[in-house]
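Undergrad: here's a sequence, model it:
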Amino acid sequence: MKAMMSILAALAATTGGLAATALSPDKIASDIAAHGADAVVARLNANGDYDRVLGHIDSGDSRWLALAPKLAPGTDAGTAEALVIALAFALPRNPAGVLALLQGPDAFPADDVCGTPFIEDTVKDVPAYVRRARAAVMAVSDPRLQDAKSACLAALKKA
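TA: Numbers count the residues shown, from 1 in each chain. Below is the predicted model of the structure:
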């Protein structure tokens, strides 16, 4: 039993403990509501979880995409850029979900998200990405997203 406790303690020390595995969009949204985006982004960034959150956002999962406008007010230049890049990665995976974030009072600029904001070699074949993203955006037929769709397609065309 003592050996098992030592192993668990060592594991907790190297992985950040249970906090590292307890990431969920609901928990993060609740933390933002309780403590503000600045505090939550700072904590996520300090303990290495911000990159994990971005990984979930760039998967295109709608629950994680919904966090983006809640996190944005707490970002600085670097974390804001990383958030926009995560949204760009999500675009071909969930175009309607990303387009919804390009409109409304907390909208992300279409030129930022759809303008291939990638840093250096994060995308090996940008033209192929643009083709996939453009095809995905073109397939969105929701009439509520047509303005965002047009803006995104214009930004992709410039990319």
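Undergrad: helices of the protein, start to end?
TA: Using DSSP state H, the helices of the chain run over 2-15, 18-21, 25-35, 37-46, 49-57, 62-65, 68-71, 77-90, 95-100, 110-113, 126-138, 146-158.
Undergrad: if I look at residue 124, how far off is residue 158?
TA: 21 Å (Cβ to Cβ, to the nearest Å). Any C-beta I mention is one placed from the backbone N, CA and C, and that applies to glycine too.
Undergrad: residue 36 too?
TA: 35 Å.
Undergrad: can you pick out the residue with more neighbours from the two?
TA: residue 36 (13 against 10; other Cβ atoms under 10 Å).
Undergrad: now do stretch 84-103: everything it contacts.
TA: Contact with stretch 84-103 is made by 54-55, 57-62, 65, 68-69, 107-110, 112-114, 116-119, 122, 129, 132-133, 135-137, 139-140, 142, 145, 147-149, 151-152, as judged by Cβ atoms under 8 Å, 6 or more residues apart in numbering.
Undergrad: pull out the buried members of those residues.
TA: Neighbour counting with 16 or more other Cβ atoms under 10 Å marks 54, 57-58, 60-61, 65, 68-69, 108, 110, 112-114, 116-118, 129, 133, 136-137, 140, 145, 148-149, 151-152 as buried within the contacts of stretch 84-103.
Undergrad: where are the low-confidence patches of the protein?
TA: Within the chain, the stretches with pLDDT under 70 are 1-21.
Undergrad: give me the most central residue, it.
TA: Centroid-nearest residue in the chain: residue 57, 3.4 Å away (criterion: Cα atoms, centre = their mean).
Undergrad: hmm, that one is touching residue 65, no?
TA: Yes: counting by Cβ atoms under 8 Å, residue 57 does reach residue 65; the two are 6.1 Å apart.
Undergrad: tell me the buried residues in stretch 86-106?
TA: For stretch 86-106, using 16+ other Cβ under 10 Å, the buried residues are 86-103.
Undergrad: and stretch 44-57, by the same measure?
TA: Applying 16+ other Cβ under 10 Å to stretch 44-57 flags 44-45, 49-50, 53-54, 56-57 as buried.
Undergrad: using CSV, write out every CA atom in it.
TA: Once non-C-alpha atoms are left out, stretch 44-57 reads as follows in CSV (Å, rounded to 0.1, in the frame of the first residue of the first chain):
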residue,chain,number,x,y,z
LEU,A,44,-4.4,27.3,-17.4
ASN,A,45,-1.3,28.8,-19.0
ALA,A,46,0.7,28.5,-15.8
ASN,A,47,0.0,24.8,-15.3
GLY,A,48,0.3,23.9,-18.9
ASP,A,49,-3.4,23.2,-19.5
TYR,A,50,-4.0,26.1,-21.9
ASP,A,51,-2.4,24.0,-24.8
ARG,A,52,-4.6,21.1,-23.8
VAL,A,53,-7.7,23.3,-24.0
LEU,A,54,-6.6,24.6,-27.4
GLY,A,55,-6.2,21.0,-28.6
HIS,A,56,-9.8,20.4,-27.7
ILE,A,57,-10.9,23.6,-29.4
